[in-house]
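Novice: fold the following and give me the result.
(chains A and B)
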Amino acid sequence: MHQLTTTFVRRLRDRDEAAWFELWQVFGPVLRGQLMKWGNGRLGMETVRDLSQETLAALSKSIERFDPTRGVRFSTWLLAIAKHALSDEMDRRMALKRGAGRRPTHLEEDWMGGIGAAVDTQYEQRIFEAKVAAAIRRAGSSGDFVSFEVYRMRVFDGRSGKDVADQIGVSQPTISRRLQDARSHLRTQLSEIVATWSFTPEEMAEAELAGLSADDSLFDEALGEIWHRAASQDDSAEAEH
Amino acid sequence: MWKIFIILLVVVATVIAATSIGVLFRHLLMPTVRAVFKAIALLGQVVLELIRDLFAATWHIIVSILVLPAIIGALLFGRWESASRMARGLGSRFRRVGRRIGGLVTRTAPAAGMVRRTPNQPQKRKSRRSEGRFPGWKLVGSLQAGGSGAELHIAEPDIGAPPDAPPRVVIKCFDVADGSPLGHMIRESRALDGAKKLGLVIEHDHDESRFWYVMPFIPGVHLADAVKSIHTTSGPLDTTLISNAVVWARDLLSILHEYHNAGFWHKDVKPENIIINDTGAHLVDLGLVTPLQSAMTLTTHGTEYFRDPELVRQALRGAKVSEVDGARFDIYSAGAVLYYMVEGTFPAHGNLSRFDREHGDAVRWVVRRAMADYHQRYANAAEMLADVAHLASATDPRAVRPADLPSFTGEPSEIPAPPAPPVASVGDVRRRPNIEVTDWWSGAYLVRDAVPGVPQRLPDGFSNARRKKSEARQRRYEERQRRRAVRRTAVGGVFAFIVGLLVLVGTYGVLVSTRSPVNSQQHIAANLPSGTGAIVVLNDHPHGIDASEAVIQALATGGWVPREDAQLEASIRRVMPMAGTQSPDLATLLAPAFATNPNISAAIIQSPDGDPDGIEVVMVRGDQSSTHRLPPLLTKPVQSAP
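Specialist: Numbering: from 1, shown residues only, chains lettered A, B, ... in the order given. Presented below is the predicted three-dimensional model:
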């Protein structure tokens, strides 16, 4: 397992709030989307938020028991906790309807040792897109602002190099240079994020399969596509809200 | 004439009956049934509570009896503390027994259960008169309370107010008795000194349980409402609307620039805290204003989407306010507000939020630069203000390139002054809306002057959008009214149909009930002469219309004694002309028949000349005869008499 992964898990176990915030930023939207999907229209946005927070609270209690060496995806584990939080909520609602109280059940964690834990392909795809979006966010915040804007205009907005050069007021070679800088920075951030949040060899290979290890043009194309897909999914979730 | 009268009577009776049934059902039957059920439920509850009290009292007595030997034992063994503890417990049980028994005696009234169920309510506060609540100020209205739970009053200067006080102010009052958290009160009180320096607070005061401060009143609409009215339709925004948004952003940044220069940051810049009016945009709510060099720990207060994530990170890290640059957090919020204005939605992804409308690259650039990473965004409000002011001065902000912005070119630019607060007028106070009911039947009403604080004239683009929205609202209202009218017509039609049906049924019933071979004895009697003596009735109607019974009854009513005399009838029929044939002198013809019965008269029913369906009665007595026409009342032929 990558050193970054173990370091991050250690930070989570040490109750590093910045690490938990980062976790919330990366997985929060996916978690909310998944809960919405499970809720099938019966859960309001506020309930979904509460449930996602309960999921993270449950995660913080059981993070000590998470064993990355067993080869189970962190995201799958998170999904199991979310499912438990949701079923607890549903049981509570049913108990309220009956007029009786109900104590919360304990989280069953025996499954963590099982290699064949079921993987929700769509959910995992969203997790991967969330990782890519996190990498883009980090590149946007940690890299040079102008270079990242150039990359955004060229790749995400699909503008021509001449147009971008005209808007920014620089020459086209400068645009190319800034584009290269931003791309390079993005690659670095992407590899770091993927390494941090990948617990299995399959997860490590996801970026390569998505075309993010290819040459510049393919990298830009794949990144733009993933970014737009992730953004539109988040927008639709916000619109539901 | 009598038929119309009967129909009217049936209609009126039907309507009265229907109305009476409805009224009885709605106002008498339903409340009675409801009251009966409620009384039964209450009675059941009281009985259950009595039973419960009885069981509980018994249980407490049993436990007390069981505990008593244990106390005596503890006393004997010198365990004073245990004995004392148990004795206290025993006392407590006896008190409970007392209460239970008291309950058995006193709580027999139905209201007892309700009294018991009512939780301990805080005492209702005495209504306080507006005068004297805030010395120097006279309350004239109120505003909707914000998230802090404080009361917001609108007031005018009174005796004792500062001489330079504006004509209208807002008083924000925290009252512990009203449940205002102490933390809010302390936080807001900290910001007051700075706010006074900025002229945002006129004065502040406190008493035993309250703390309040007085601010100038700024009439207008919330930016959130203004933005909603701008973004009523999808697609590209009008240039004027973008210009307005940029101008409002410029005003906001001018105010923030002043805050930062005075050593404070607002910390809660969001559309709900920005008021738009004729003079521009104004920032309100001082709830979170913080000194930039405060030694306090940074908190995560603020509003999602408009709060910098970096602020949350730093707060979670436990950073002090003085260790960060609070002005940059305000700049992030200003960028988020600009995004909200031009996109009409929340910036859910920070500086990576997607732009779906066409605003030009420069506007996007400014938003992204403001919402960029903490270290990469505008260094101060003046820098962002210069860019926004450049956009605001452009004829078409869309045409401006990022390369033209002062932050790009490095050209110094003039910092515009913040907009002057407007002078409030008497009509600016938000009062109870003036409602005029336009249709009592449907309950439709119009709200006149619903929000008096909203200015009548706003910047052009906004006015257009507002007008369009108003027109759309009017159209929707008219459409609703039209649908209501259709519904009402349909309901009225159904009602009229039912009434008409009832009328028809009633009329039919009346006709059927009064229908007889010859309608109405009174009519017949009126057309026949009265007299005395025996009379024989013969039916000689050519169409077999049998009016014999009716004529006999009418004659009997008129004093005649109808008689059946087969011989006389046979002798009359022998000399009578053929049925349907009129004879000018029937009396002469019948004279032989009456020769042996001179005291008997005859009434012969036949048809008038030229009217085979009509009826006439020829009265013959001796050698005299008279003909009496009856009204044509018969509707169906009957078997003629033999």
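
Novice: next, the closest residue to chain A within chain B: phi, psi?
Specialist: Across chain B, no residue is closer to chain A than B:Ala403, which sits at 2.6 Å (CB to the nearest CB). For the C-beta atoms, the positions are set from N, CA and C on the backbone; glycine is no exception. With angles defined as degrees, to the nearest 10, B:Ala403 sits at phi -60, psi -20.

Novice: give me the below-cutoff pLDDT ranges for chain A.
Specialist: Residues of chain A that meet the criterion pLDDT under 70 lie in A:1-4, A:68, A:71, A:97-119, A:233-241.

Novice: near chain B, which residues of it are found?
Specialist: Near chain B, the residues belonging to chain A are A:17-18, A:21, A:25, A:133, A:136-137, A:140-142, A:144-145, A:149, A:153, A:166-170, A:231, A:234-235, A:238 when assessed by CB under 8 Å from any CB of the partner chain.

Novice: how many other residues sit next to the residue in chain A positioned nearest to chain B?
Specialist: Going by CB to the nearest CB, chain B is nearest to A:Gly169 of chain A, at 2.6 Å. As a burial measure, the neighbour count of A:Gly169 was computed by other CB atoms under 10 Å in any protein chain shown and equals 14.

Novice: ok, B:Arg476 next?
Specialist: Residue neighbour count, defined by other CB under 10 Å, stands at 10 for B:Arg476.

Novice: now do it, the pLDDT please.
Specialist: The score at B:Arg476 is 87. That number is its pLDDT.

Novice: that one sits in which helix or strand?
Specialist: Per DSSP states H and E, B:Arg476 falls inside helix B:460-514.

Novice: so after that helix, what's the next helix or strand?
Specialist: Following the chain from helix B:460-514 toward its C-terminal end, the next helix or strand by DSSP H and E is helix B:521-527.

Novice: what does that next one rub up against?
Specialist: Outside of helix B:521-527, the residues that reach it under the criterion CB atoms under 8 Å, 6 or more residues apart in numbering or on different chains are B:518, B:547, B:550-551, B:553-554, B:557-558, B:617, B:628-631, B:633.

Novice: out of those, which is nearest to B:Phe329?
Specialist: Of all the contacts of helix B:521-527, the one sitting nearest B:Phe329 is B:Leu633; the distance, using CB to CB, is 101.2 Å.

Novice: SS state for the closest residue to B:Pro397 other than its chain neighbours?
Specialist: Computed as CB to CB, 6 or more residues apart in numbering or on different chains, the closest residue to B:Pro397 that is not its neighbour in sequence is B:Leu391, at 4.7 Å. Each residue gets one of three states, and B:Leu391 gets helix by DSSP: H, G, I helix; E, B strand; the rest coil.

Novice: outline the domain layout of the chain.
Specialist: No chain specified, so I'll use chain A. Listed by automatic domain parsing, the domain ranges of chain A are A:3-113, A:121-233.

Novice: try chain B instead
Specialist: Following automatic domain parsing, one gets these domains for chain B: B:28-116, B:137-216, B:221-409, B:425-501, B:521-630.

Novice: for those, which one ends up most surrounded?
Specialist: Taking mean count of other CB atoms under 10 Å in any protein chain shown as the contact definition, the stretch among those with the greatest mean neighbour count is domain B:221-409, which reaches a mean of 21.

Novice: could you give the mean pLDDT of that one?
Specialist: In this model, domain B:221-409 has a mean pLDDT of 85.

Novice: got the end-to-end distance for it?
Specialist: Across its full length, domain B:221-409 reaches 36 Å end to end, with CA to CA, to the nearest Å as the criterion.

Novice: with adjacent residues omitted, what lies nearest to the spatially most central residue of chain A?
Specialist: Centroid-nearest residue in chain A: A:Ala130, 2.9 Å away (criterion: CA atoms, centre = their mean). Take A:Ala130 and drop its neighbours on the chain: the residue closest to it by CB to CB, 6+ apart is A:Val30, 4.8 Å away.

Novice: quick check: what element follows the helix or strand harbouring B:Ser243 along the chain?
Specialist: Counting by DSSP H and E, the element that carries B:Ser243 is helix B:239-261. Sequence-wise, the next helix or strand downstream of helix B:239-261 (DSSP H and E) is strand B:264-265.
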